[in-house]
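Visitor: The following comprises the amino acid sequence and a computationally predicted model.
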Amino acid sequence: MKVSVAWRSALLLLCMCVCALAGKDYYSILGVKRTATTKEIKRAYRKLALKYHPDHNQGDKTAENKFQELGTAYEALSDDEKRQIYDREGEEGLQKRQNQGGGGDPFSSFFGGFGFGFQGNQGNGERPRGADVTSIIEVTLEEIYNGEFVEVVRNKPVTKEAPGKRRCNCRMEMKTQMMGGGQFQMFQEEVCDKCANKKFVTEERRLEIEIEVGVRHDHVYKFSGEGEPHIDGDPGDLHFKIHELKHRTFERRGDDLYTNITITLQESLSGFRSEITHLDGHTVVVERKAVTAYGLVIRKPGEGMPHHDDNNRRGDLYITVDVDFPKMELSDEQRELISSILNQKPKGAFYNGLQPNGKA
């Protein structure tokens, strides 16, 4: 019994040592599996970074530490080379391979600079502000259905200090001048301060936009501080507006999808089986054994678009059936055969859209 306890203690100590050598579990920090794709890692980081950003959790030291952990984990796992080193050698091995720690701020590539829309960072409105910039991002229905990341390169003008001084903070002030004889004159005069000189320099910025699953047409992603600069104030914001491209097979209406299939006259009478390739590659089977009328709409529940706010909810797929009538001429024998099979008598009546009382 004593030997068994000793072995268990030794095994526990060994596990603790291994964990200590391995360092932090970056996959666990991001809440993804070790087999996660780069897209899944990016999506997990984006979601958690928004949740734990210090601007959204002011004074919360735990959230601040969590945000820093997320950045470190994302930097390691979003880079293929760093991820391979981490998988082989753990956190300690990765740190030994890196000459410089930290790196850039991965959050800014997703959301722009400091302050990304939380109310606490809007200021008092007195500082001048550069213009906002809106850019159109065209996306396919496949990208919206499956989710995607799009990298955009922006040549952004930024201010840099330059030699000399310049007039700044100019405003109109009321001045009083004595005219003599006890009379005074009041007038406005422009007054400016002397500020350090600045110049605009163009810098390249790489921004990453997540095309979220189920995102709607005209949805706007905001990158704070990535708009036009103001030499004496804050830069404006950069807005990316989603434009959904027309699809060759499906039409989107809200979260529902609509499409058409064409069957032969023979299939419409005797039954048919057809397959539709969906936006993620899976097959939707459409099958009927009964007679199918021209214009029949078949509903496939849950085969529509994922809902933007809850991807577990999906719309429906509506399939309208078109019938391709043959162009051939029938012989008398063929017409008689069809008549005997269908055994239908002429209706002998016309429908003009009016009720019996003559009202539509």
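Guide: All right, it came through fine.
Visitor: where do the strands sit along the stretch 101-250 of the chain?
Guide: 133-139, 148-180, 183-211, 220-223, 238-244 (DSSP state E, counting those that start in this stretch).
Visitor: What of the stretch 251-360 of the chain?
Guide: 251-253, 256-264, 272-277, 283-288, 297-300, 317-324.
Visitor: where in the stretch 51-200 of the chain is pLDDT low?
Guide: Across the stretch 51-200 of the chain, the ranges flagged by pLDDT under 70 are 98-126, 180-182.
Visitor: Report the contact partners of the closest residue to Phe325 other than its chain neighbours.
Guide: The shortest distance from Phe325 to any residue other than its chain neighbours is 5.5 Å, reached at Leu265 (Cβ to Cβ, 6 or more residues apart in numbering). C-beta: built from backbone N, CA, C; applies to glycine. By Cβ atoms under 8 Å, 6 or more residues apart in numbering, the residues touching Leu265 are Val323, Asp324, Phe325, Pro326.
Visitor: go again using 10 Å as the cut-off
Guide: By Cβ atoms under 10 Å, 6 or more residues apart in numbering, the residues touching Leu265 are Tyr294, Val323, Asp324, Phe325, Pro326.
Visitor: what's the distance between it and Gln68?
Guide: Counting by Cβ to Cβ, to the nearest Å, the gap from Leu265 to Gln68 is 68 Å.
Visitor: same thing with Glu189?
Guide: Note on Glu189: its distance to Gln68, by Cβ to Cβ, is 51 Å.
Visitor: Between these two, which has more neighbouring residues?
Guide: When Glu189 and Gln68 are compared for neighbours, Gln68 comes out ahead with 13 against 10, by other Cβ atoms under 10 Å.
Visitor: which residues does Met186 form a beta bridge with?
Guide: Beta-bridge partners for Met186, by DSSP bridges, are Thr176.
Visitor: Any idea how many residues pack against it?
Guide: What Met186 shows, counting by other Cβ under 10 Å, is a neighbour count of 8.
Visitor: Thought Met178 was touching it, still the case?
Guide: No. Using Cβ atoms under 10 Å as the test, Met186 is too far from Met178 to be in contact (11.1 Å).
Visitor: how about the nearest residue to Arg34, chain neighbours excluded?
Guide: Distances taken as Cβ to Cβ, 6+ apart place Tyr27 nearest to Arg34, at 5.3 Å, with adjacent residues excluded.
Visitor: mind listing what the one you found touches?
Guide: The contact partners of Tyr27, taken as Cβ under 10 Å, 6+ apart, are Lys33, Arg34, Thr35, Ala36, Ile41, Ala44, Ala73, Ala76, Leu77, Arg83, Tyr86, Asp87.
Visitor: Show me which of those residues are buried.
Guide: Among these, those buried by neighbour count (16 or more other Cβ atoms under 10 Å) are Ala36, Ile41, Ala44, Ala73, Ala76, Leu77, Arg83, Tyr86.
Visitor: Make JSON lines from these and add secondary structure and distance to Ala131 to it.
Guide: Shown next, in JSON lines, are the buried ones among the contacts of Tyr27 (DSSP: H, G, I helix; E, B strand; the rest coil; distance: Cβ to Cβ, whole Å):
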{"residue": "Ala36", "secondary structure": "coil", "distance to Ala131": "39"}
{"residue": "Ile41", "secondary structure": "helix", "distance to Ala131": "35"}
{"residue": "Ala44", "secondary structure": "helix", "distance to Ala131": "34"}
{"residue": "Ala73", "secondary structure": "helix", "distance to Ala131": "36"}
{"residue": "Ala76", "secondary structure": "helix", "distance to Ala131": "37"}
{"residue": "Leu77", "secondary structure": "helix", "distance to Ala131": "37"}
{"residue": "Arg83", "secondary structure": "helix", "distance to Ala131": "40"}
{"residue": "Tyr86", "secondary structure": "helix", "distance to Ala131": "42"}
